[in-house]
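S.K.: I'd like to go over a predicted model; first the sequence, then the structure.
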Amino acid sequence: MSVQSAKMPVPFRARGRVFTSHQLERIKEIVDVHRKESRTEISRRVCRALRWRQKNGRLKDMACREVLRKLEATGFIRLPAPRGRGAIWPASSKCGQHEEDPSPINSLDLGSLAIRLVSAAHERSLWNRLVENYHYIGSSRIVGRQLKYLVLTDGRPIACLGYGDACWAVKARDQWIGWKPHQLSRNRHLIVNNTRFLILPWVNVQNLASYILAKGSKAVHADWRAAYGYAPLLLETFVDTERFSGTCYRAANWLQLGMTAGYAKTGSAHRNSQAPKAIFVYPLRRDFKEVLKCRMQ
């Protein structure tokens, strides 16, 4: 199947990248030749072929997999069936006997808590399972650059944090920063989104949420640099005010900028498909606005 026979728009745009007809044909060739391999391996082959890498040199395979799924939806390519179990996350004996103990926790020594960057496979499985089961969004999926954390007490998880790429466009945020369109497209990566925050339902400890947010902000500033080669300047998050008041973010010194318009990005378009949410931000250095508007970052 060629690009023309599939009526593929050329150039094809996805994940902020424009794909030419030659690149699309190369993607199709890789998918067809390596159909017996996993989707992950195919996406890595595509990244290497198209030289699609992060600033630290790592392959953009997560973003590539999203592009491949979009191409498959057009009928241009046909991917092999997924080999994983999707949203079903198996329990792991490596996480300790207390990994999902629902007995109530009403008091803690906050200073003894550990915020652990998720790296091992069994930690990823645990984080994913907890978020899938107990977060109101019901999904552990974070697209693009990301870091995940488990918050532990004596090896027992009590909370999960997740960080990912910033939203493409948020009117109140962008006006507050003072961004011009070219500055937004160039420096958006310097903002990181707190995409998931979960305290497990059997945990009820005063000041715990704001304490975790403060510790998480320090951790992600250092860990993002180690993972992706640069430190973020600003954190953002969006709070569903029909469910939450955002008190813990205010207590952790996050700033509320206003409300979103309720638009969600789907591909290259935005659709008004969500309820408006409160916008919170947390600066990670004092001169963040000046640096976000600098020419070279």
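M.R.: Yep, that arrived. Note that this is a predicted model, so its numbers are computed, not measured. Numbering: from 1, shown residues only.
S.K.: So which bits of stretch 69-84 are buried?
M.R.: 70, 71, 76, 77, 79 (16 or more other C-beta atoms under 10 Å). In short, each C-beta sits where N, CA and C put it, glycine included.
S.K.: neighbouring strands for the helix or strand in which residue 193 is found, and are they parallel or not?
M.R.: Per DSSP states H and E, residue 193 falls inside strand 191-199. Neighbouring strands of strand 191-199 in its sheet, by DSSP bridges, are strand 156-165 (antiparallel), strand 234-239 (parallel).
S.K.: any chance of these in CSV, with mean pLDDT too?
M.R.: Formatted as CSV, these follow (pLDDT from 0 to 100):
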stretch, mean pLDDT
strand 156-165, 96
strand 234-239, 96
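S.K.: can I get those strands in JSON lines with distance to residue 109?
M.R.: Formatted as JSON lines, the strands paired with strand 191-199 follow (distance: least, C-beta to C-beta, whole Å):
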{"stretch": "strand 156-165", "distance to residue 109": "12"}
{"stretch": "strand 234-239", "distance to residue 109": "26"}
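S.K.: Turn the ones you listed into JSON lines, including distance to residue 277 and mean neighbour count.
M.R.: Shown next, in JSON lines, are those (distance: least, C-beta to C-beta, whole Å; neighbours: other C-beta atoms under 10 Å):
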{"stretch": "strand 156-165", "distance to residue 277": "16", "mean neighbour count": "23"}
{"stretch": "strand 234-239", "distance to residue 277": "4", "mean neighbour count": "21"}
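S.K.: Any regions of the stretch 1-150 of the chain where pLDDT drops low?
M.R.: 1-10, 15-16, 83-101 (pLDDT under 70).
S.K.: Tell me where it has helices.
M.R.: Applying DSSP state H, counting those that start in this stretch to the stretch 1-150 of the chain gives helices spanning 21-33, 39-50, 61-74, 121-134.
S.K.: Residue 200 is nearest to which of those helices?
M.R.: The closest of the helices of the stretch 1-150 of the chain to residue 200 is helix 121-134. By C-beta to C-beta, the value is 6.0 Å.
S.K.: The closest one: which residues count as buried?
M.R.: Buried residues in helix 121-134, defined by neighbour count with 16+ other C-beta under 10 Å: 122, 123, 124, 125, 126, 127, 128, 129, 130, 131, 132.
S.K.: quick one: which of those residues is nearest to residue 29?
M.R.: Nearest to residue 29, judged by C-beta to C-beta, of the buried residues of helix 121-134 is residue 124 at 31.7 Å.
S.K.: Leaving out chain neighbours, which residue sits closest to the closest one?
M.R.: Closest residue to residue 124 apart from its sequence neighbours, by C-beta to C-beta, 6 or more residues apart in numbering: residue 118 at 5.6 Å.
S.K.: For burial, what's the neighbour tally of the one you found?
M.R.: 20 (other C-beta atoms under 10 Å).
S.K.: Check the chain for its longest helix and report it.
M.R.: Taking DSSP state H as the criterion, the chain has its longest helix at helix 208-228.
S.K.: what packs against that helix?
M.R.: When contacts are defined as 3 or more C-beta pairs under 8 Å, 6 or more residues apart in numbering; DSSP states H and E, helix 208-228 packs onto strand 114-117, strand 146-153, strand 156-165, strand 191-199, helix 247-251.
S.K.: gap between the residue lying closest to residue 283 once chain neighbours are set aside and residue 187?
M.R.: Residue nearest to residue 283 in three dimensions, not counting chain neighbours: residue 234, with 5.6 Å by C-beta to C-beta, 6+ apart. As judged by C-beta to C-beta, to the nearest Å, residue 234 and residue 187 stand 10 Å apart.
S.K.: what sits in contact with each of these two?
M.R.: Common contacts of residue 234 and residue 187, defined by C-beta atoms under 8 Å, 6 or more residues apart in numbering, comprise residue 292.
S.K.: Now do the buried residues in stretch 168-186.
M.R.: Using 16+ other C-beta under 10 Å as the test for burial, stretch 168-186 gives 169, 170, 172, 173, 174, 177, 179, 183, 184, 186.
S.K.: what's the most distant pair in those?
M.R.: Most distant of the buried residues of stretch 168-186, by C-beta to C-beta, are 172 and 186, 20.1 Å apart.
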